[in-house]
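In: Next comes the sequence, and after it the predicted model I'd like to discuss.
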2 protein chains.
Amino acid sequence: MKIAIAQINVHIGNFSGNLARIRSAVAEAKAQGADLVLLPELTTVGYPPRDFLEFSDFIAQADEMVEELKADAKGIAILVGSTTVNPVPEGKDLYNSAYFLADGEIKAIQHKTLLPTYDIFDEYRYFEPAHEWEVIEYMGQRIALTICEDLWNVGNENPLYKICPMDEMIDQKPDLILNLSASPFSFDHAEDRVHVLRANIEQYHIPIFYTNKVGAQTEVLFDGGSLVMSPDGTVYDELPYFEESIRTYDLEDVKKVTDPKREQERDKMTLIHDGLIMGLRDYFYKLGFKRTILGLSGGIDSAVVAVLAARALGPDNVRCVLMPSQFSSDHSVNDARQLAQNLGSQYEIIPIEDIYKEYEVALRPHFWGTEFNIAEENLQARIRGMLLMAFSNKFGPILLNTSNKSEMAVGYGTLYGDMCGGLSVIGDLYKTEVFELARFMNKDGEVIPENIITKPPSAELRPNQKDSDSLPDYDILDEVLFQYIEQRKGPKEIIAQGYDEALVRRILRLVNINEFKRYQTAPVLRVSNKAFGMGRRLPIVAKYLN
Amino acid sequence: MKIAIAQINVHIGNFSGNLARIRSAVAEAKAQGADLVLLPELTTVGYPPRDFLEFSDFIAQADEMVEELKADAKGIAILVGSTTVNPVPEGKDLYNSAYFLADGEIKAIQHKTLLPTYDIFDEYRYFEPAHEWEVIEYMGQRIALTICEDLWNVGNENPLYKICPMDEMIDQKPDLILNLSASPFSFDHAEDRVHVLRANIEQYHIPIFYTNKVGAQTEVLFDGGSLVMSPDGTVYDELPYFEESIRTYDLEDVKKVTDPKREQERDKMTLIHDGLIMGLRDYFYKLGFKRTILGLSGGIDSAVVAVLAARALGPDNVRCVLMPSQFSSDHSVNDARQLAQNLGSQYEIIPIEDIYKEYEVALRPHFWGTEFNIAEENLQARIRGMLLMAFSNKFGPILLNTSNKSEMAVGYGTLYGDMCGGLSVIGDLYKTEVFELARFMNKDGEVIPENIITKPPSAELRPNQKDSDSLPDYDILDEVLFQYIEQRKGPKEIIAQGYDEALVRRILRLVNINEFKRYQTAPVLRVSNKAFGMGRRLPIVAKYLN
């Protein structure tokens, strides 16, 4: 039997587009001689469809697509993820299902058992878990159908779950495991996937064909990296990261490990770089936009975002605006201009001093006798945000947000100012990682002017300001933030690691009191295991560590 | 036996504050002669604590508080909600529990069985459901302990659940049911609560003491309205809405229905008015702020928010800013000024025309040859937002957002402009409900100048603009929005109700394409069954109905 893995990119709710994409994948698999084609989890509706799942009209369209696809399942079997309405009143209204279509019919439906309900996942909000498992037979092979998380409880050792669907099926003597996934990217996740599939192989000793979704759904990136595993634990093949791909395998070759391919390199910065580019590109593509605009300050954050944007959308689609104030240093303007020239992107310079002075005039009677403070600093950041939004509203490009994870964490940014934008590109990268990414981008020649990377970071909102005036050194800040955000350590545990107590308490307090700013920020492209946004849900009005 | 219901207001993560509040409630119950005091769900940590539940340091502090409370359980039994660490690795890490403290000890712990995971609720993200149920005996009475949702599956007829904890306990012959709740307010929910408790009575024929949390957690309002139900289905007493209250009942009186109290009036506008005031007040109180600022346009939305703010925080703590442009009508300024005077709040007038012109100068070379459009309209709204934020940053008041649900739904608002603010006060009220609330506020004399209520709504961002230039009449718009948002009807179903097809499709498309704006909006005080925010989770990059 020849099995095709179709690692494709679908679009939430775009039923006609998704149907066309599935059909072309099926045609390609047929052309490759496949007997069966394996599509990702919830291919019909896109993943994660979130509360659209509560609309019966939305579900009816998914059902209709499965009906239509039956006609395509001739001369090839199609395994496609879609929703199923729970036929009995008890339990949640839906199942998350794998449809096995062959000979123009629905031959089998297997529902998902293990429903992730943590971080970005809300599956138990919508879905009822499977209570029945049946191995299906096709072309003389006994197939165990699983969906994503179903393979993540090997030997029932994942404490989150009490059932292991493969344990339920193994007595039915399957010859192979198929898995339909929508497994989100983080820079260390591809490694995890190989480990967990290998653990399944060690338990069940049969080959696995694992298809993962590719593409971006707003903040959630899917990297593909679909896997074919031989029964001896060899990675027979790993499909590319961040791009669509359809490849067909002879099951006998996979079983005998004839001519295996290799796993890919998993360099952290390569993955982050390529993942962010895919995320950016897909965000614009799926929204139907081509052009972007961003403010270039001469600092490293906007520089890195500009490079990513130019690589994702093409330099002609990137418009840079330099908006110096009386506090901007000459080198900032020069560095920013040099960067735009290196990229080959359009740029303009709009000094903000006159507008700023007009605000001063309007506010003078009310601010009389007060010192220059955060109010005046924020005014500058907000004038810039407003000018950029005016370009966006006038000509249609989407404004990109350039905040990094460190400043988002401690609230070192101006709401409605530099925190504006439709998409936060590097909001899941700590400042130290932004530096790392900048150096990575320059590895084959200087794109980002060296001075942008080497000069001390500054918001330039008051004379001779430096980030280090208000924040701890980024090296230490980022380590403490990582312990709190990613590792969810408490203050005592972090202090016990040797960090200064007052510093740790100050940082954790800043993180918690700035939840209100993050609440109003654009979605953040997720590259770590714990990004700000839908995967990290905290109360605004709380009094914990603050 | 005398049972006290302590409907109190606690603060998420404020362990020392919550301990003090619980202790004073226990003291008050003792003073009233109670043998047992019943506190709300998760009293120690506050509700909903969200991902703080993933921090072991946070959970350890809750455990510590329960330990400390044992000493208070002398001469009175305390029933208090807190977390319990799941002692076995299988399942979620925590239980949501009711602790029965008496004689200085933990006498019993009953975990919650039914874990709401819909709308604003994420309980299955954190909690393992109870698998054991044991009626406890105290002072000769057999008590069935339940937590909130546990009573919402009467006769196992709620399709969401497969277990009914009371059915599991009824064979143990309980004499009464106690329930610890954190049941959020919506304007029609108090009615539901009486119905569901009465259905329990009809099934089990024993009295119920139901204590509900009061106070606001950011957007989620808790109205109290705790209930004591006699075994014949009589509402023996209903505690006040929107305020703390501790009342003690003799169990024998409740059983015999001796001297029952009455349910309260449940007028929709009274509930919304009082709920929003509590929400506003608690938001400021728990964040440690006293003062607010808002822009008064002369329109109805900002007028209603100003009245609510003055009633919640006191007129001295409300600062109003009038920011007319060249497009503002005279009556707008006059109406706004009159309102501020009626309230007795400080106001200032800051014309924005000069600032606007300075932006025009800066943008002229770039906007050359383009028509006045949404870019120029939004500039005005954003200048106003910036001026208000400058006051907020300079003097510390929190800016209130004045958007209504209709405009948030269809995106008729300027991101970073009139959509600024730390809290959306009326973002869960459709425009027609805002009018209703304004009239309600004027029922005992004119607070909001009549002209604000009667003139046609206008954003006044271009000459002679009216909302009706770009939007359908609010009467029809709000009905269609209600069908889509609250009722989750699809286009076909709404059109089948007799609405114009093109209009329905246009409205639904506007709702879906404006998800990106709502993503960056302040939390919205929730008064309906489906508010924007944490209870309505939709993808930004989707192509459904748009």
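Out: All right, it came through fine. Residues are numbered from 1 along each chain as shown, chains lettered A, B, ... in the order given.

In: tell me which parts of the stretch 51-200 of chain A are close to chain B?
Out: A:51-52, A:54-58, A:60, A:89-92, A:117-118, A:122, A:124-125, A:159-160, A:162 (CB under 8 Å from any CB of the partner chain). Quick note: C-beta positions are derived from backbone N, CA and C, even for glycine.

In: what about burial for those, which qualify?
Out: A:51-52, A:54-55, A:57-58, A:91-92, A:117-118, A:122, A:124-125, A:160 (16 or more other CB atoms under 10 Å in any protein chain shown).

In: if we can go back for a sec, list the ones among the residues of the stretch 51-200 of chain A next to chain B that fall in strands.
Out: Judged by DSSP state E, strands contain none of those.

In: What segments of the stretch 101-250 of chain A are helices?
Out: A:123-126, A:165-169, A:189-204 (DSSP state H, counting those that start in this stretch).

In: Show me the helices in the stretch 401-546 of chain A, by range?
Out: A:405-410, A:431-441, A:450-454, A:467-470, A:474-485, A:491-496, A:501-513, A:515-519.

In: Which one of these lies nearest to residue A:276?
Out: The closest of those to residue A:276 is helix A:431-441. By CB to CB, the value is 8.4 Å.

In: Remind me what that closest one packs against, helices and strands.
Out: Here helix A:431-441 touches helix A:268-287, helix A:300-313, helix A:405-410, helix A:450-454, helix A:474-485, going by 3 or more CB pairs under 8 Å, 6 or more residues apart in numbering or on different chains; DSSP states H and E.

In: Residues touching that helix, excluding its own?
Out: A:269-270, A:272-273, A:300-301, A:303-304, A:307, A:404-407, A:426, A:429, A:447-448, A:452-453, A:457, A:474-475, A:477-478 (CB atoms under 8 Å, 6 or more residues apart in numbering or on different chains).

In: tell me which residues of that helix are tucked away?
Out: A:431, A:432, A:433, A:434, A:435, A:437, A:438, A:440, A:441.

In: on that earlier part again, between the helices and strands packed on helix A:431-441, which one is nearest to chain B?
Out: Of all the helices and strands packed on helix A:431-441, the one in closest proximity to chain B, counting by CB to the nearest CB, is helix A:268-287 (4.7 Å).

In: How about residues contacting the closest one?
Out: With CB under 8 Å, 6+ apart as the criterion, helix A:268-287 contacts A:9, A:11, A:14, A:185, A:187-188, A:190, A:214-216, A:218-219, A:221, A:223, A:241-243, A:290, A:292, A:308-309, A:311-313, A:398, A:400, A:422-423, A:425-426, A:429, A:433, A:436-437, A:440-441, A:525, A:527, B:541, B:543.

In: Now which of those would you call buried?
Out: The buried subset of the contacts of helix A:268-287 - by 16+ other CB under 10 Å - is A:9, A:11, A:14, A:185, A:187, A:190, A:214-216, A:218-219, A:221, A:223, A:241-242, A:292, A:308-309, A:311-313, A:398, A:400, A:422-423, A:425-426, A:429, A:433, A:437, A:440-441, A:525, A:527, B:541, B:543.

In: about what we covered before: deepest-packed of the helices of the stretch 401-546 of chain A, please.
Out: helix A:405-410 (a mean of 25; mean count of other CB atoms under 10 Å in any protein chain shown).

In: Output the helices and strands packed on helix A:431-441 as JSON lines; include the columns distance to residue A:261.
Out: Shown next, in JSON lines, are the helices and strands packed on helix A:431-441 (distance: least, CB to CB, whole Å):
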{"stretch": "helix A:268-287", "distance to residue A:261": "19"}
{"stretch": "helix A:300-313", "distance to residue A:261": "27"}
{"stretch": "helix A:405-410", "distance to residue A:261": "35"}
{"stretch": "helix A:450-454", "distance to residue A:261": "37"}
{"stretch": "helix A:474-485", "distance to residue A:261": "34"}
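
In: Just put those helices in a markdown table and tack on mean pLDDT and distance to residue B:205.
Out: Below are the helices and strands packed on helix A:431-441 laid out as a markdown table (pLDDT from 0 to 100; distance: least, CB to CB, whole Å):
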| stretch | mean pLDDT | distance to residue B:205 |
| --- | --- | --- |
| helix A:268-287 | 98 | 57 |
| helix A:300-313 | 98 | 66 |
| helix A:405-410 | 98 | 55 |
| helix A:450-454 | 96 | 75 |
| helix A:474-485 | 98 | 52 |
